[in-house]
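Chemist: here is my input; please provide its structure:
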Amino acid sequence: MSEAVYSVSGMSCGHCESAVTAEVTAIPGVTSVKAVAATGLLTVGSEQPVDDATVRAAVDEAGYELVGRA
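Modeler: Sure, this is the predicted structure:
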């Protein structure tokens, strides 16, 4: 198991959390996702480490910006 924590800008509510969670969950190998608008943190659990660019693309698709690893 691998876990990575990222900082995401633009999340402000439960809908934001849901949008980011849905996109990141669709990444192959991802087993858990927790997006928290209050802190701007995104925790991604996966079978193997997931490429940061892949996570960034999913967050972008949801309409938010991945700032980097937290």
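Chemist: element containing the spatially closest residue to Val44 that is not a sequence neighbour, please.
Modeler: Excluding its sequence neighbours, the residue lying closest to Val44 (Cβ to Cβ, 6 or more residues apart in numbering) is Ala4, at 5.2 Å. Yep, even glycine has a C-beta here, placed from its N, CA and C like the rest. Using DSSP states H and E, Ala4 sits within strand 2-9.
Chemist: that strand pairs with which strands?
Modeler: strand 41-46 (antiparallel), strand 65-69 (antiparallel) (DSSP bridges).
Chemist: middle-most residue in this protein, spatially?
Modeler: For the chain, Leu42 is the residue whose C-alpha lies nearest the centre (Cα atoms, centre = their mean; 4.6 Å).
Chemist: partners of the residue lying closest to that residue once chain neighbours are set aside in the sheet?
Modeler: Nearest residue to Leu42 in three dimensions, chain neighbours excluded: Tyr6, at 4.5 Å (Cβ to Cβ, 6+ apart). Beta-bridge pairing for Tyr6 (DSSP bridges): Leu42, Arg69.
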